[in-house]
Each structure stands twice: as C-alpha cells, then as structure tokens.
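# what follows is a predicted structure for the sequence shown.
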Protein chains: 2
Amino acid sequence: MEKKFIVETSARHAHITRETLETLFGKGHELTNKKDLSQPGQFACEEKIEVVGPKGSLKMSILGPCRPDDQVEVSYTDARALGVTPPVHESGDIEGTPGVKLVGPCGEVEIAKGVIVAKRHIHMTPEDAEVLGVADKEIVSVKLDTARPTIFGDVVVRVSPKFALAMHIDTDECNAAAAFGKVYGEIVK
Amino acid sequence: MEKKFIVETSARHAHITRETLETLFGKGHELTNKKDLSQPGQFACEEKIEVVGPKGSLKMSILGPCRPDDQVEVSYTDARALGVTPPVHESGDIEGTPGVKLVGPCGEVEIAKGVIVAKRHIHMTPEDAEVLGVADKEIVSVKLDTARPTIFGDVVVRVSPKFALAMHIDTDECNAAAAFGKVYGEIVK
C-alpha cells in the first residue's frame, strides 16, 4: 500500500446545531447536501451563513450534518478579517475560544464560543494507522512536495473506522505550501 | 555566534521606478521614509497606492528607494483578491509575470508585468554565510519553532555585504506557521 495520502484544504466553514439551523433557516429546515466530502457522511451544504465578528463579516458554507455544538473554523487570514483571535485547536475543542454572530435568512444566533483555527490533522482508519505506523492522537510531521515544499509539524493523527485517509490543512497553509490541485503528503520522522 | 536568525513577514508591497513615482504622485515627488527596514537602505514609505487587478483591488505600501523596475509582491491570498496568478519568483525576476494597474493620487500606470509571489529567502552578509555554512543562491530548508511548527523548503540564500541577516516570508507563510511576534529560524539539512 502507498504510504502517501491526499492533502485537502478546508476553506472557512461552520458546523451548527439543529437548534441554530432552525433559528437561521426556519423551523423544520433540513440541510441540503451540495457535495459529499472525503469523510464518510460529511457534506458541504447549499446553505450559507454570514459570520459577523467585531471587525468584519465573512460568508461561509455550512458543513453537515448538524453537530452537538456550533463551531466556526477559520484561517488566521479570516480571523483577522473578522477581528477575532482564535487559538489553534482540534475540532470539537471549543472551550476558551471566541464567539461571533451567525446570520441566516430567517434569524441570527450569537455564539459565546466556537471559533477555532483548526489544528492540522490526518483522518485515517485503524488499517491506515497500522500501515503508516502511527496511533490515534499521535503528533507527526508531514512533508508536501509542492512548488513551495513544506514540512508541517504538530499534525495530529485521528483514527476511526468511520474516517477516510486524508490530511486537512487550512487555506493559509495551502497557500504557504502552494498545495493547489491534487496534492499528497507523507509522514516524516 | 548564534546560528538562528530572525524571520520577518513581508506584507504585500510595491517597488516602483522613479518614472512611476512621478506619474502616481506628481513631478519631482520624493518618497517619504516612514520606517527603516532590516535591510540597510530599504524603507517603508508613507506613500500608499491602489493596485487594481481583473477581479479586485488592494491598497499597499511602497518600499523605497525607487528601483529599475516596477514590482508588486503579494501572497497567494492577495493574488486571489486581485484576480491574478503570479508565479513564485525571486525579487527582480519579473519575466513572464502578470501585470496590474497602479493607482496613485496624481495618476495611474498599467504595468505589463511585475506581480510575483516572493520566493522564501534569507538575506545575509558573507560573514553570516560562513558561520551558517551556506553560499549565495544555495537552496536550504528553514525550521521555525512556533505554535504551528513548520519547515520551509526551497528557501534561497542571498549573500551580499549590503544585506543584514534576516529571513523573509509572506503573510500566508506567516499565518501557516503562526510566525507572529519575534520569531527565529534555523537552517536544517
């Protein structure tokens, strides 16, 4: 088996709760799948929201399905445009993160926390982890052989039978590495 | 001597010719030094221009003194906002690069070429090069121990007695590495 894996860029996006969905888009509204993502069951939605910070606002897609917490994932470039200073956290780790206002066609929600810069990570199955010689939560470095070759350190490995093998970086990291088009990464020790 | 060196982030900026300066700011205009930069003789100017691309425009500072060619240095994020697709080039290497319109308070200039994404580089004196064990034009990798640890590959070494020791990265690279505040780099083999 090939030891390289695809590196995908996550543009800014929001995960929202069912309650937030209904406030923003109306009672009983269901998310519309626009495009399946690499992770099984995850999809980009037709629905877009405006995320409003102290300095500015940005339009972004919702990723479905609904989750237990509202979470907005941005790059540092986006964070500066919004006027917030989020920490680099893993998805789901929203304690101590800044809030923003989410605005939809039917209403708005002030979230007290939830804005993060996502920590670089690799999704993989237990089988992938065995082949790659890594374990869940392990911190590794990943080399990208692009026009701007870069080794990203502090990449967290996330293992679940529900995942598919893919590394996720944000748009700043994509630009820094010129990771445009189909790009592959490799774990380096 | 310490083998680490400071890593500075270059935000988007323009270098302009004397002719362009006079078209944009008026006959006989002289650049106003706002702040000396790390490289001896180079300075950020009070004068700002609007750089207009096919998709959008961005305000940016001029770096002085005037140069033999107009050159606009942007990040990929900036390039997308302007609607241009510049290559990653060393400063001064503007053949085959896109043009844009430069707008000042007294006039505008269409440049046929000159927009680049600056290639990562380290300025140093011959003495620095000896200590660091590198030569002019050598390609090295540089490790940044930041909150988002990153090793930048394809970094070009530029040696001149007129330089001061400093690595320059762009804003995307700065964000990708969380290279905020006073940050140091180290050459890794």
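Done, it's in.
# can you list the residues of chain A near chain B?
A:75-77, A:88, A:120, A:141, A:147-154, A:170-173, A:175-178 (C-beta under 8 Å from any C-beta of the partner chain). All C-beta spots, glycine's among them, are computed from the backbone N, C-alpha and C.
# can you do 10 Å?
Applying C-beta under 10 Å from any C-beta of the partner chain, we find that chain A lies next to chain B at A:75-80, A:85, A:87-88, A:117, A:119-120, A:139, A:141, A:143-155, A:169-178, A:180, A:188.
# once you drop chain neighbours, what's closest to A:Val74?
A:Arg12 (4.7 Å; C-beta to C-beta, 6 or more residues apart in numbering or on different chains).
# tally of neighbours for the one you found?
22 (other C-beta atoms under 10 Å in any protein chain shown).
# dump the residue contacts of it.
Residues counted as contacts of A:Arg12 (C-beta atoms under 10 Å, 6 or more residues apart in numbering or on different chains) are A:51, A:58-61, A:72-75, A:77-79, A:81-82, A:117-118, A:170-171.
# pull out the buried members of these.
Neighbour-count burial (16 or more other C-beta atoms under 10 Å in any protein chain shown) is assigned, among those, to A:51, A:58, A:60-61, A:72-75, A:77-79, A:81-82, A:117-118, A:170-171.
# A:Gly114: neighbour count?
Using other C-beta under 10 Å, A:Gly114 has 20 neighbouring residues.
# list the contacts for it?
Applying C-beta under 10 Å, 6+ apart, the residues near A:Gly114 are A:14-16, A:69-73, A:86, A:94, A:97-100, A:102.
# thought A:Val74 was touching A:Ser57?
No. Using C-beta atoms under 10 Å, A:Val74 is not in contact with A:Ser57; the gap is 11.9 Å.
# mind listing the shared neighbours of these two?
Common neighbours of A:Val74 and A:Ser57 (C-beta under 10 Å, 6+ apart) are A:51, A:81-82, A:100.
# go through the residues you listed and flag which are in strands.
A:51, A:100 (DSSP state E).
# quick one: the shared contacts of A:Val74 and A:Ser57 as JSON lines, columns for distance to A:Lys4 and pLDDT too.
As requested, these are exported to JSON lines (distance: C-beta to C-beta, whole Å; pLDDT from 0 to 100):
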{"residue": "A:Val51", "distance to A:Lys4": "34", "pLDDT": "98"}
{"residue": "A:Ala81", "distance to A:Lys4": "34", "pLDDT": "97"}
{"residue": "A:Leu82", "distance to A:Lys4": "35", "pLDDT": "98"}
{"residue": "A:Val100", "distance to A:Lys4": "36", "pLDDT": "98"}
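# closest one of the shared contacts of A:Val74 and A:Ser57 to chain B?
A:Ala81 (10.3 Å; C-beta to the nearest C-beta).
# how close does the nearest residue to the closest one once chain neighbours are set aside get to B:Thr146?
Of all residues not flanking A:Ala81 in the chain, A:Gly56 sits nearest, at 4.9 Å (C-beta to C-beta, 6+ apart). Distance of A:Gly56 to B:Thr146, computed by C-beta to C-beta, to the nearest Å: 26 Å.
# before we move on, what about A:Lys182?
Distance from A:Lys182 to B:Thr146, by C-beta to C-beta: 28 Å.
# and the helices in chain A, which stretches?
A:18-25, A:76-82, A:126-132, A:171-177 (DSSP state H).
# just the ones you listed: most buried one?
helix A:171-177 (a mean of 27; mean count of other C-beta atoms under 10 Å in any protein chain shown).
# residues contacting A:Leu24?
A:14, A:16, A:47, A:49-50, A:62, A:102-109.
# out of those residues, which is nearest to chain B?
A:Glu50 (18.8 Å).
# contacting residues for the closest one?
A:Glu50 touches A:24, A:57-60, A:100-105, A:108, counting by C-beta under 10 Å, 6+ apart.
# for A:Val51, see how far away the nearest residue to it once chain neighbours are set aside is.
Leaving aside its sequence neighbours, A:Glu50 sits nearest to A:Val103 (C-beta to C-beta, 6+ apart; 4.2 Å). Going from A:Val103 to A:Val51 by C-beta to C-beta gives 8 Å.
# and for these two, which residues touch both?
A:57, A:59.
# tell me where the model's unsure across chain A.
Residues of chain A meeting the criterion pLDDT under 70: A:1-2.
# list the residues that contact A:Gly96.
A:86-87, A:89, A:113.
# by neighbour count, which of these wins?
Most neighbours among these, by other C-beta under 10 Å: A:Pro86, with 24 neighbours.
# still on that earlier bit, any idea what the residue nearest to A:Glu50 is bridged to?
A:Glu50, A:Glu108 (DSSP bridges).
# how far away is it from A:Leu82?
Taking C-beta to C-beta, one finds A:Val103 at 13 Å from A:Leu82.
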